[in-house]
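Student: compute the structure for the input listed below.
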Amino acid sequence: MTTRREFLKTSAAAAVAGGLLPYAARAPAAVTDGGTLTVALYADPRTLDPHLAGSLQGRATTQAVHDTLLEVDANGHLVPGLVESWEWKDDRTVVLTTRTGVKFHDGTDFDAEAVRYNLERIRNPDTGSIRGGEISVLDTIEVVDAKTVKLRLKQPFAAFLFPLVDVAGCVASPTALERWGQEYGLHPAGTGPFAATEYLKDAHTILERNGDYWNRGKPHLDRLVLRPVPVDSTRLAELRSGGVQLAESLPLQDIPRLREGDEIVVSEKVGFRWEWFGFNVREEYAGRSRKLRQAFQWGIDREALHHVAYFGTGSIGYDGILPGSPFHDPDYKPYERDVDKAKRLVEESGLEQPIELLGPITPDPVKQRSTQIFQANAAEIGVTVNTEGIDGGGYWAAMRKGTMQLVLEGWWGYRPDPDQYLYIMLHSTGRQAKRMGYANPKMDELMDKQRSVQDLGERRRLFRQISDLMNEDAVYVPYHYGSDFKGLLPNVKGFVHAQDSIINYRDLYLEG
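Tutor: Numbering: from 1, shown residues only. Below you'll find the model as predicted:
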């Protein structure tokens, strides 16, 4: 008979396999309605305006208030949300059929016109939305009738619909948007399972059950209290004391010990983010040498990074296509550590010796540990890596200017389609590629081609070629797929760990 302790130990393996966690499968058939769930967030959501939300906490909170047009299943495939069905008429035209009988929290009707209004608001530069780039390929929006919207694209784009599973697909009441304007984030009115009743910055966000929710029988909870608790140890202490029933971002160093106990259910989702070291390839930097960059593919110790920097959580990664995506290949492992080969590549780089690289580093403890290993690995192959301390604001200022010689904290969070981040990083017009000085016409051709085909199998083949070329160019040296951790008290049920880490509060309930 499997003990609870043995059961909890299997959670990481189950997550790697990409399936639902055993904990979710064990939820009893009888669902209890009512009660208040208090959640410890890593940070304050800042705004409940979905089109202005940028952080993970902002995205997660606003999606409890605003439904998205589409959703994504556990296998990374699109499924209906507020949009009941969709049809590609040709490679540039998609028709959305919306649900009927859905009301916003202010009592007004959700319809096709509301979809048009929200999409137009996102791409209106006066809004200041950071989501405009996600739908920049959108050309025209036509309201065919009350439940039908026709979207016409500027050019073929197979992954166009995927941003609509996130905040770019959240729909707010046009009436409320007109009334509140830039203050809408303090007075949100979505169609979601919960309505916002109180927001106190850096203190709490209170959401109440939407009794008229279109998805009958949900949500189960009467109230959500979301509290920002930025200190890892404090979040864990709150969870242990019962001050909160669910906490995000558990401290990595505590995971092995927590798994041994019975007081907290530890849920891990591998592939929440992929992590990489990056080189600025402009002529004034040593990273201009392709052979130097390739040397690090062979020279870094991915096993040490996995076990020391991440305490054995997550998994070793070799490209930018995350587990949980239909484009991920779990057998793709093009490198094994070979220090001698790495040394030869450094010698063949054509760079004047000694070779020194400089990269900024923030106080993040995980990145501090990974940087120390990277420095030691670099020294083994004859390269000196120096670091300079910097705060988060200074880090991103240097990144945006394109003056960062070496990126030691590179990562990108999960998105259901790899185009959503790899295009930005690899295509010469992408903002991250410009920051790194990277441009390869062959890569541009591959990235443009995968956008133009709808066939999933053909796109898989193209992304395999993209991964190979990315690794050959080695502007980004991938090394890890990071995990997201949630801690739950045993009476919290209905939890399924999403690949993007956003909690679906709609399905949660409290047992007993």
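
Student: and the next helix or strand past the longest helix seen in the chain?
Tutor: The residue-count maximum for a helix in the chain (DSSP state H) belongs to helix 456-473. Using DSSP states H and E, the helix or strand that follows helix 456-473 in sequence is strand 476-488.

Student: so which elements touch that next one?
Tutor: Contacts defined by 3 or more Cβ pairs under 8 Å, 6 or more residues apart in numbering; DSSP states H and E place strand 476-488 against strand 246-248, strand 265-279, helix 290-299, strand 315-316. Glycine gets a C-beta too; all of them are placed from N, C-alpha and C.

Student: roughly how far is whichever helix or strand comes after it from the heart of the chain?
Tutor: Toward the C-terminal end, the helix or strand that comes next after strand 476-488 (DSSP H and E) is strand 492-493. Centroid separation between strand 492-493 and its chain, computed with Cα atoms, centre = their mean, to the nearest Å, is 24 Å.

Student: tell me the strands beside strand 492-493, with direction?
Tutor: strand 509-510 (antiparallel) (DSSP bridges).

Student: ok now the strand it pairs with, how far from the chain's centre?
Tutor: Between the centre of strand 509-510 and the centre of its chain there are 26 Å (Cα atoms, centre = their mean).

Student: list the contacts of that strand.
Tutor: Residues from elsewhere that reach strand 509-510 (Cβ atoms under 8 Å, 6 or more residues apart in numbering): 31-35, 37, 220-221, 245, 491-494.

Student: in CSV, list the residues you listed along with pLDDT, distance to residue 414 and neighbour count.
Tutor: Compiled in CSV, the contacts of strand 509-510 are given as follows (pLDDT from 0 to 100; distance: Cβ to Cβ, whole Å; neighbours: other Cβ atoms under 10 Å):
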residue, pLDDT, distance to residue 414, neighbour count
31, 93, 28, 14
32, 92, 31, 15
33, 96, 31, 13
34, 97, 32, 11
35, 98, 30, 16
37, 98, 24, 24
220, 98, 26, 21
221, 98, 25, 24
245, 98, 25, 22
491, 97, 28, 14
492, 98, 23, 20
493, 97, 24, 21
494, 97, 21, 21
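
Student: how is the chain carved up into domains?
Tutor: 1-63+192-264+489-512, 67-184, 272-483 (automatic domain parsing).

Student: before we move on, the earlier item: need the contacts of strand 509-510 in JSON lines (columns: distance to residue 77).
Tutor: Below are the contacts of strand 509-510 laid out as JSON lines (distance: Cβ to Cβ, whole Å):
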{"residue": "31", "distance to residue 77": "26"}
{"residue": "32", "distance to residue 77": "31"}
{"residue": "33", "distance to residue 77": "30"}
{"residue": "34", "distance to residue 77": "33"}
{"residue": "35", "distance to residue 77": "33"}
{"residue": "37", "distance to residue 77": "29"}
{"residue": "220", "distance to residue 77": "26"}
{"residue": "221", "distance to residue 77": "28"}
{"residue": "245", "distance to residue 77": "31"}
{"residue": "491", "distance to residue 77": "32"}
{"residue": "492", "distance to residue 77": "27"}
{"residue": "493", "distance to residue 77": "25"}
{"residue": "494", "distance to residue 77": "22"}
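
Student: which of the residues you listed lies closest to residue 443?
Tutor: Within the contacts of strand 509-510, the smallest distance to residue 443 is 42.9 Å, found for residue 494 (Cβ to Cβ).

Student: before we move on, back to that, in the longest helix of the chain, what's buried?
Tutor: 459, 460, 462, 463, 466, 467, 470, 471, 473 (16 or more other Cβ atoms under 10 Å).

Student: cool, stretch 288-299 as well?
Tutor: Within stretch 288-299, the residues that count as buried by 16+ other Cβ under 10 Å are 288, 289, 290, 292, 293, 294, 295, 296, 297, 298, 299.

Student: these: which two are farthest apart?
Tutor: Largest separation among the buried residues of stretch 288-299 by Cβ to Cβ: 288 and 298, giving 19.0 Å.

Student: now the end-to-end length of stretch 397-413.
Tutor: One end of stretch 397-413 to the other measures 20 Å (Cα to Cα, to the nearest Å).

Student: rounded mean pLDDT for it, please.
Tutor: Per-residue pLDDT values over stretch 397-413 give a mean of 92.

Student: which residues does it contact?
Tutor: 56, 272-280, 282, 285-287, 320, 357-362, 364, 367, 370-371, 374, 385, 387, 390, 395, 421, 425, 434-437, 476, 482, 500-501.

Student: among those, which ones are in helices?
Tutor: Checking the contacts of stretch 397-413 against DSSP H, those in helices are 56, 367, 370, 371, 374, 395, 421, 425, 434, 435, 436.

Student: need the contact list for residue 272.
Tutor: 322, 413, 414, 481, 482, 483, 484, 499, 500, 501 are the contacts of residue 272 under Cβ under 8 Å, 6+ apart.

Student: now do the same contact list for the third one.
Tutor: In other words, residue 414. Going by Cβ under 8 Å, 6+ apart, residue 414 touches 271, 272, 273, 322, 324, 325, 499, 500, 501.

Student: before we move on, the earlier item: specify which member of the contacts of residue 272 is nearest to residue 350.
Tutor: residue 481 (33.2 Å).

Student: what number of residues lie near that closest one?
Tutor: 27 (other Cβ atoms under 10 Å).

Student: what residues are bridge-paired with it?
Tutor: The partner residues for residue 481, given DSSP bridges, come to residue 274, residue 315.

Student: now do the one 4 residues further on
Tutor: When bridges are taken as DSSP bridges, the partners of residue 485 come out as residue 268.

Student: that one: what's it in contact with?
Tutor: For residue 485, counting by Cβ under 8 Å, 6+ apart, the contacting residues are 248, 249, 250, 252, 255, 266, 267, 268, 269, 313.

Student: ok, the residue lying closest to the fourth one once chain neighbours are set aside to residue 482 distance?
Tutor: Read it as residue 252. In space, and not counting its chain neighbours, residue 252 is closest to residue 311: 4.8 Å by Cβ to Cβ, 6 or more residues apart in numbering. Residue 311 is 12 Å from residue 482, where distance means Cβ to Cβ, to the nearest Å.

Student: what does residue 69 give?
Tutor: Residue 69 is 28 Å from residue 482, by Cβ to Cβ.

Student: among the domains of the chain, show the one with the smallest mean pLDDT.
Tutor: Minimum mean pLDDT among the domains of the chain: domain 1-63+192-264+489-512, a mean of 85.

Student: list just the nearest of the contacts of residue 414 to residue 449.
Tutor: Taking the contacts of residue 414 together and measuring to residue 449 by Cβ to Cβ, the closest member is residue 325, at 18.4 Å.

Student: count of neighbours near the closest residue to that closest one other than its chain neighbours?
Tutor: Once flanking residues are discounted, residue 325 sits nearest to residue 76: 4.9 Å by Cβ to Cβ, 6+ apart. Other residues lying near residue 76 total 21 when counted by other Cβ under 10 Å.
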